[in-house]
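**Q** The sequence and its predicted three-dimensional model are supplied below.
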Amino acid sequence: MGPGLARLLASQPLGAAGAAIVFLLVATAVLAPWLAPHGAKEAAFAPYQPPTREFLFGTDHLGRDILSRVIWGARLSLYVGLVSVMFGITLGGIWGVVTAYFGGAADTASQRVVDVVMALPPIILALTLMAALGQSIDNVILALTILLTPTASRTLRSQALSIRESPFVEAARAVGCPHWRVIALHVLPNTLATYIVLVTVNIAYAIVVEASLSFLGLGAPPDEPSWGAMLTAGTQAIEQAPWMFLFPGLAISLTVFGLNLLGDAIRDVTDPRLRGGLG
Amino acid sequence: MSSRYIARRLLMFVPTLLGASILIFVILRLVPGDIAEILVYQSGGERSSIQETQITQIRQELGLDRPVVVQYLDWAAAAMRGDFGQSYLQRRPVTEILKERVPRSLELALLTIVIAMLWAVPLGVISAVRQNTWADYLVRVLSISGLSMPIFFTGVLMLYLLVRFFGWMPPLEFVSFTASPVENLKQLIWPALAQAFYISAPITRLTRSQLLEVIRQDYVRTARAKGLGEQRVVYRHALGNSLLPVVTFVGWWGGRLLGGIVIVEIIFSVPGMGSALATAVSQRDYPAVQAMVFVMALVFLGINLVVDFLYAWLDPRIRYA
């Protein structure tokens, strides 16, 4: 371990913990076929078995191994989170920065569109979209992208607005930089910290929204190992089988916890103004 | 604040609301399987030509066979008179349902925000002023934990513990605040707490990060340099400016809260707008969904309007040129 990394770990202990959790999540998702003792949809055991050595997290109402479903669920959650956020934040970010830079009617018009989409509470919009699109994982990703794009555009636009007024942008223009160069080399890099924080935090958010939709019965199809759908089943059987509810709930909380810690640390590290002590 | 800014901002309100109502109208018309099919097929049995005729008849009665544009214009014209049509399922005016449900959800949302602000902002200040000490780490871990546990996890967990160990039962009948404030708060305090635990996390985090940013500004250094006490520097000079984004954020969260309320109301059996909306969505009760989402958008936009005015008033740089 190099001295730089050691110093980083010492200065960001929470971030390091977050990175470890996220690493664990990614490893679980990637290695799911080898880690999971049983298939996610394999209903081959006695239902409602409490945690034992054979079934560490117990079995559910259909006799499926909950540990296996939680492991496969990591893959599903991460997939939905990553794909929707990469689409949503990137599209929204470019949209926001470019319109902010040029300003004028296009900027105003695009922000009115954002207003319209953001006028609807996100879960409600997602719920209605899912009812219209039909239950599938691809549609969850589509709904999440529609949800995330305007938010990202609004956030990165407001940042680009103040960057646009900075002396270094004026200087770049004065020495004859073309607009695309100013955007690519002077404005975009300065929004990078926000972009990265938006990505890490919104992966967590996307995972939660996916689980919320599945919890309401409108997300992934019921046999998919979605942590949200597992929570719904667990809620209905909470009296006789609390483990059905507990383990997917802990899995999702731990995942979001790790992503949030990491996002926080990235924010602290990438924004030099926040380094060091007070005063 | 210039009167021109106010006028422009007010002028934006109406088109946005219109746009939102059109958006939701269009999305709802994409839904496969309409109310006519649900009403006919819910009785079960084989699909027959008699049922087909029934479906056509119901569609005609409800006006679902007309072009979407005509349906929307009809809806908008009636809505302006305060008439949101009949609920397909409850078979009574949607306005009646709204009058009954909206105040309950608004009360729950307000209670949630008050509880959340009361503990979130002071925690954020402590965390920032004592950056990188054990107090800061504790607050950060606590608030990130809060943010990490989805409402449907903490909510159900809380309900389970309340029922199991405290003999609490979800109320069978809702008691309004005007009828009995104590009974009413007894019913709403738990869902409000569950929700507040969740939303206080981002408020704490934002207060912390904003205060950290502001506390490094030159004018704060100046305040210190002229010998002001730390308390006065933080509360009089730094906090005001760092709360600006917090105000916007809470306003913005007010809208998200209306969404989260769907889940919390279902878990704690609060007969508010959220639980009514979830039922209406799954049953394709178009008029009810349309009206409820419209009201949510109206409330959300109203909050945003107030937040924007506050923002412009507090930060002259934001005002329009």
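**A** The structure has been received and is ready for your questions.
**Q** Every contact and neighbour count from this point should use C-alpha atoms.
**A** Will do.
**Q** from the stretch 101-250 of chain A, which residue is nearest to chain B?
**A** For the stretch 101-250 of chain A, the residue closest to chain B is A:A132, as judged by CA to the nearest CA, at 3.8 Å.
**Q** Can I get stretch B:302-313 in PDB? Just the C-alpha atoms.
**A** Presented in PDB, the C-alpha positions along stretch B:302-313 are these (Å, rounded to 0.1, in the frame of the first residue of the first chain):
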ATOM      1  CA  GLY B 302     -47.000  26.400  -5.100                       C
ATOM      2  CA  ILE B 303     -44.200  25.400  -2.700                       C
ATOM      3  CA  ASN B 304     -41.600  25.900  -5.500                       C
ATOM      4  CA  LEU B 305     -43.000  29.400  -6.200                       C
ATOM      5  CA  VAL B 306     -42.700  30.400  -2.600                       C
ATOM      6  CA  VAL B 307     -39.200  28.900  -2.400                       C
ATOM      7  CA  ASP B 308     -38.100  30.800  -5.600                       C
ATOM      8  CA  PHE B 309     -39.400  34.100  -4.200                       C
ATOM      9  CA  LEU B 310     -37.600  33.400  -0.900                       C
ATOM     10  CA  TYR B 311     -34.400  32.600  -2.800                       C
ATOM     11  CA  ALA B 312     -34.500  35.700  -5.000                       C
ATOM     12  CA  TRP B 313     -35.200  37.800  -2.000                       C
END
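**Q** buried set for that stretch?
**A** Buried residues in stretch B:302-313, counting neighbours by 16 or more other CA atoms under 10 Å in any protein chain shown, are found at B:302-305, B:307-309, B:311-312.
**Q** Check whether that stretch comes near chain A.
**A** No. Judged by CA under 8 Å from any CA of the partner chain, stretch B:302-313 makes no contact with chain A; its nearest approach is 9.0 Å.
**Q** Could you tell me how far that stretch lies from the centre of the chain?
**A** In terms of CA atoms, centre = their mean, to the nearest Å, the centre of stretch B:302-313 is found 17 Å from the chain centre.
**Q** Tell me the confidence at residue 64?
**A** Just so you know, I chose chain A. Note for A:R64: predicted pLDDT of 88.
**Q** not quite, I wanted chain B
**A** What the model reports as pLDDT for B:L64 is 78.
**Q** Not counting residues beside it along the chain, what's closest to it?
**A** In this structure, B:L64 finds its nearest non-sequential neighbour in B:Q71, 7.6 Å apart by CA to CA, 6 or more residues apart in numbering or on different chains.
**Q** wait, doesn't that neighbour sit right on B:L62?
**A** No. When contacts are counted by CA atoms under 8 Å, B:Q71 is not listed as touching B:L62 (10.1 Å).
**Q** Report the contact partners of residue 162.
**A** All of this is about chain A. Applying CA atoms under 8 Å, 6 or more residues apart in numbering or on different chains to A:S162 gives no contacts.
**Q** I was after chain B.
**A** With contact set as CA under 8 Å, 6+ apart, B:L162 has these partners: B:168-169.
**Q** Nearest residue to the residue nearest the centre of chain A in space, please, no chain neighbours.
**A** When CA atoms, centre = their mean is applied to chain A, the residue found nearest the centroid is A:I203 (0.9 Å). Leaving aside its sequence neighbours, A:I203 sits nearest to A:G81 (CA to CA, 6+ apart; 4.7 Å).
**Q** Then B:M169?
**A** Using CA to CA, 6+ apart and skipping residues adjacent in sequence, the residue nearest B:M169 is B:V163, 6.0 Å away.
**Q** Tell me how far the one you found lies from B:S275.
**A** 21 Å (CA to CA, to the nearest Å).
**Q** In a helix, the residue nearest to the centre of chain A, correct?
**A** Yes. Membership of A:I203 in a helix is supported by DSSP: H, G, I helix; E, B strand; the rest coil.
**Q** Correct me if wrong: it contacts A:Y79.
**A** No. Between A:I203 and A:Y79 there is no contact, the gap being 9.7 Å when judged by CA under 8 Å.
**Q** and A:T28, how many residues sit next to it?
**A** Counted with other CA atoms under 10 Å in any protein chain shown, residues neighbouring A:T28 total 20.
**Q** quick one: it is in a helix?
**A** Yes. According to three-state DSSP, A:T28 belongs to a helix.
**Q** is it true that it touches A:R75?
**A** Yes. Between A:T28 and A:R75 there is a contact at 7.3 Å, judged by CA under 8 Å.
**Q** okay, now the residue nearest to B:V234 when sequence neighbours are not counted: neighbour count?
**A** Among residues not flanking B:V234 along the chain, B:I215 sits closest, at 7.6 Å (CA to CA, 6+ apart). Close neighbours of B:I215, defined as other CA under 10 Å, add up to 24.
**Q** for A:L78, same thing?
**A** Residues lying near A:L78 (other CA under 10 Å) number 20.
**Q** helix or strand for it, which one?
**A** Here A:L78 sits within helix A:66-102, counting by DSSP states H and E.
**Q** Tell me the helices and strands packed up against that helix.
**A** helix A:13-30, helix A:32-35, helix A:104-118, helix A:137-164, helix A:188-215, helix A:227-236, helix A:242-270 (3 or more CA pairs under 8 Å, 6 or more residues apart in numbering or on different chains; DSSP states H and E).
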